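>>> Here is a sequence together with a model predicted from it:
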Amino acid sequence: MSPAIVTWAGDEETAVVEVSATGAAAQAVHDAVPALLDERVASRLASQDAGLWGEDAAVGDRLGWTDLHTTSRELVERLTALREELRAEGLDHVVLAGMGGASLAAEVITGSLGTPLTVLDSTAPTQVERALEGDLARTVLVVASRSGTTVETDSHRRAFVAALQAAGRDAARHVVVVTKPGSPLEELAREEGYRAVFSADPRVGGRFSALSAYGLVPSALAGVDVGRLLDEAAEIAPFLAEDTEANPALVLAAALAATRPLRETVLLVDAGSGLYHFGAWAEQLLAESLGKNGHGLVPVVVDEHAPELAARGERTLPVLLTPLTDEDAGPELDDVADGARRVAVSADLAADADATEVTVAGSLGGMFLLWQHAVAVAGRLLGVNPFDQPDVEATKQATREFLGGMPSLEPPAFSDSGVEVRAPRTLLAGARTVPDAVTALLDRLDPEHGYLAVLAYLDREGRAPDLLRGARDSLAGRTGRPVTFGWGPRYLHSTGQLHKGGPRHGVFLMITGGAPAHVSIPGRDFDFAELVTAQADADARVLTGLGRPVLRLRVDTPDALAWLTGSLTRRTT
Ligand SMILES: O=P(O)(O)OC[C@H]1O[C@](O)(CO)[C@@H](O)[C@@H]1O
């Protein structure tokens, strides 16, 4: 087995990021990095060479993210001024409406620094209703959408503007927009006279936009010193551009994408990193960038007690997100290659250097840039274009069709204890109870490559997260297979691409329902309840059409949800 690898970037005293790899991940680094150096992949990426993913890949102008630590600088002053202006008017409660890459980074940034920000990326009517019940007189709504056409974000904007008007406010003064130049949202914002419009660099896609206006505007308005974040990214950027074996992005890319056999399940484990929900941000980056053309890695966000860690197989790569401490800055190494930029081979780095594991630590700004570089290079290693999401549109199209009057999916096959069960007859195989239906779904799991995705179109606040976390862990223990978890419709803008375009090994347990609530969407002939139902119906239909097994369970009361999760948790064999 190959010796462990550790590399870090920073000066003599302080590392700003550190990556280590052991076992098959270290072997992958030994095997793959020399070719990346020969091909000057790191420096070509930093200089935005769109040819890195092959002649045919339509990468076009999608590489503007590599120098955001420089190009976003000009935003800092403007944001500070706007924040002060808003505060002076008593507007200090920031709500962010944005899906996927338009909100995940801001959630990480503000959460890691303990700065309050309300992220609205749900269409569950009760959740939207709660957000609308906040103190509107103090609310600034940041509407973030690169395309300017995302239905969830547009619906949130409509609902908030109407609520502000109903509260007697001048709604336009409360709305700040982030979008690409020329989008329909930009046009609307100018027409409506919204408080501020930030035209974000169109060369930056959602999941690569953490350090652009998408990540910075809501964070800064909420109170974060975003200049510091850019400083952190700027500190690491030169190291990522170097064609050296010490480049931490090349090490991470190889560890992720060049193991033999491929570790197709990537367990993103928060091991005390201090970064809030960084795993959810990295999950979108990995899933949407790499999960296509039948290829991809399945990211699974877990904690340190997850059953997947105890039962890691030959195709599982644990990636531990650890804190960056002073001790990390200067480990005793056998072989220091190059002054401040070091790579080392350390036989005693890990207690069990044969176990396959990767650890990553870094400053927040450094982590964003490191992972973006690593995933872009991983795309090259896996032979995919990391900058498109070809399979996301299918569910959007089907949602439009359901909202346009297409009849909803089939009636329930049966109900059990308040849970309505829907699935193709061939999948149910005669099951008449919820536990049997779940067993029928799990029987479809490929024992070597399969994963289960639990998808919950439910109100994310309240008891549901705890109940579902327990159920997820039990299902992982019971099946011995990785179990991903996603909130609908949020996951549609993250792992949704992988489910449909990645390896055909997923089976899907979709849970829908919730208390009846009518929250209208002004100017639309559907409300939030109809929207969330259409989104779940649409994704189920698209997945089923692709031949993926989908079991749908509808729970309309808290008791039914508690019964369901209890039954999923109790059933351990
Ligand atoms: O910024 P937009 O255009 O609203 O898109 C939001 C998210 O939706 C996706 O395009 C996928 O649906 C993501 O890639 C993106 O982060």
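Arrived safely.

>>> Could you pick out the residues of the stretch 201-350 of the chain near the ligand for me?
For the stretch 201-350 of the chain, the residues in contact with the ligand (C-beta under 6 Å from any ligand atom) are G206, R207, E288. (C-beta placed from N, C-alpha, C; glycine too.)

>>> could you dump those residues to CSV with distance to L531, pLDDT and secondary structure?
As requested, these are exported to CSV (distance: C-beta to C-beta, whole Å; pLDDT from 0 to 100; DSSP: H, G, I helix; E, B strand; the rest coil):
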residue, distance to L531, pLDDT, secondary structure
G206, 20, 96, helix
R207, 23, 98, helix
E288, 22, 98, helix
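
>>> Now the single nearest residue of the stretch 301-450 of the chain relative to the ligand, what are its backbone angles?
Proximity of the stretch 301-450 of the chain to the ligand (C-beta to the nearest ligand atom) peaks at V392, 4.2 Å away. Backbone torsions for V392, taken as degrees, to the nearest 10, come to phi -70, psi -30.

>>> Find the nearest non-adjacent residue to it, please.
Q497 (5.3 Å; C-beta to C-beta, 6 or more residues apart in numbering).

>>> contacting residues for the one you found?
A287, E288, G291, K292, Q389, P390, D391, V392 (C-beta atoms under 8 Å, 6 or more residues apart in numbering).

>>> out of those residues, what pair is the most spread apart?
The span of those, defined through C-beta to C-beta, is set by A287 and P390 at 13.4 Å.

>>> returning to what we had before: just the buried members of the contacts of Q497?
Among these, those classed as buried by 16 or more other C-beta atoms under 10 Å are A287, E288, G291, K292, Q389, D391, V392.

>>> Tabulate those (a markdown table), appending secondary structure.
A markdown table is the format used below for these (DSSP: H, G, I helix; E, B strand; the rest coil):
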| residue | secondary structure |
| --- | --- |
| A287 | helix |
| E288 | helix |
| G291 | coil |
| K292 | coil |
| Q389 | coil |
| D391 | coil |
| V392 | coil |
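
>>> Count residues in the vicinity of A105, would you?
By other C-beta atoms under 10 Å, the residues close to A105 number 29.

>>> packing partners for the helix or strand that contains it?
A105 is part of helix 104-113, with elements assigned from DSSP states H and E. If you count contacts as 3 or more C-beta pairs under 8 Å, 6 or more residues apart in numbering; DSSP states H and E, helix 104-113 packs onto helix 213-222, helix 278-290, helix 364-382.

>>> Would you mind pulling the contact partners of that helix?
96, 98, 115-117, 119, 144, 207, 209-211, 214-215, 218-219, 222, 224, 226, 229, 274-278, 280-281, 284, 364, 368, 494.

>>> Next secondary structure after it?
Beyond helix 104-113 on the C-terminal side, the first helix or strand identified by DSSP H and E is strand 118-120.

>>> Report all helices and strands that that following strand contacts.
Looks like strand 118-120 contacts strand 93-97, helix 125-132 (3+ C-beta pairs under 8 Å, 6+ apart).

>>> at 7 Å what do you get?
strand 93-97 (3 or more C-beta pairs under 7 Å, 6 or more residues apart in numbering; DSSP states H and E).

>>> what is the rounded mean pLDDT of the strand it packs on?
For strand 93-97, the mean pLDDT works out to 98.

>>> Equivalent analysis for stretch 543-557, please.
Rounded mean pLDDT across stretch 543-557 is 97.

>>> Quick one: residues contacting the residue nearest the centre of the chain.
Note on the chain: the residue nearest the mean C-alpha position is Q284, at 2.9 Å, using C-alpha atoms, centre = their mean. Contacts for Q284 (C-beta atoms under 7 Å, 6 or more residues apart in numbering) come out as G100, G101, L104, R207, S494.

>>> Mind doing that once more with 6 Å?
G100, L104, R207, S494 (C-beta atoms under 6 Å, 6 or more residues apart in numbering).

>>> Going by secondary structure, the residue nearest to V392 is in what exactly?
helix 496-501.

>>> helices and strands around the helix or strand that that helix is followed by, which ones?
Next in sequence after helix 496-501, counting helices and strands by DSSP H and E, comes strand 506-513. Counting contacts by 3 or more C-beta pairs under 6 Å, 6 or more residues apart in numbering; DSSP states H and E, strand 506-513 packs against strand 451-457, helix 528-545, strand 550-555.

>>> and the angle for the helix or strand that the first one is followed by with strand 451-457?
Per DSSP H and E, the first helix or strand lying C-terminal to strand 451-457 is helix 464-479. Per axes from the mean of the first three to the mean of the last three C-alpha atoms, to 10 degrees, the angle that helix 464-479 makes with strand 451-457 is 160 degrees.

>>> Counting neighbours, which bits of helix 464-479 end up buried?
A464, L467, L468, A471, R472, D473, S474, L475, A476, G477, R478, T479.

>>> what's the answer for stretch 207-214, then?
Quick answer for stretch 207-214 (16+ other C-beta under 10 Å): R207, F208, S209, A210, L211, S212, A213, Y214.

>>> Tell me the one among the residues you listed nearest to the ligand.
For those, the nearest to the ligand is R207 (5.6 Å; C-beta to the nearest ligand atom).

>>> which ones are touching the closest one?
Counting by C-beta under 6 Å, 6+ apart, R207 has contacts G101, Q284, L285, E288.

>>> Can you tell me the closest non-neighbouring residue to it?
G101 (4.3 Å).

>>> Who are the contact partners of that neighbour?
Contacts of G101 (C-beta under 6 Å, 6+ apart): G206, R207, S209.

>>> now these as TSV including distance to D154?
Below are these laid out as TSV (distance: C-beta to C-beta, whole Å):
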residue	distance to D154
G206	16
R207	20
S209	19
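
>>> And the residues you listed, which is closest to A453?
Using C-beta to C-beta, these come closest to A453 at R207, 18.7 Å.

>>> What strand or helix carries the closest residue to A471 other than its chain neighbours?
The shortest distance from A471 to any non-neighbouring residue, by C-beta to C-beta, 6+ apart, is to L568 (4.0 Å). Here L568 sits within helix 558-570, counting by DSSP H and E.

>>> packing partners for that helix?
Helix 558-570 packs on helix 464-479, going by 3+ C-beta pairs under 6 Å, 6+ apart.

>>> partners of the next helix or strand after the helix it packs on, with directions?
Going down the chain from helix 464-479, the next helix or strand is strand 483-487, by DSSP H and E. Using DSSP bridges, the strands paired with strand 483-487 are strand 451-457 (parallel).

>>> what does the partner strand contact?
298, 468, 472, 481-488, 506-512, 532, 536.

>>> pLDDT of that strand, averaged?
pLDDT averaged over strand 451-457 gives 98.

>>> who touches T322 in this structure?
A271, S273, T359, A361.

>>> Export those to CSV and append columns for neighbour count.
CSV is the format used below for the contacts of T322 (neighbours: other C-beta atoms under 10 Å):
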residue, neighbour count
A271, 15
S273, 21
T359, 22
A361, 27
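
>>> For F160, pull up the helix or strand it's in.
helix 151-166.

>>> May I have the strands that pair with the following helix or strand past that helix, each with its orientation?
Tracing the chain C-terminally past helix 151-166 and defining elements by DSSP H and E, one meets strand 175-179 next. Strand 175-179 has these partner strands in its sheet, going by DSSP bridges: strand 139-144 (parallel), strand 196-199 (parallel).

>>> winner for burial among those?
Highest mean neighbour count of those: strand 139-144, a mean of 27 (counted as mean count of other C-beta atoms under 10 Å).
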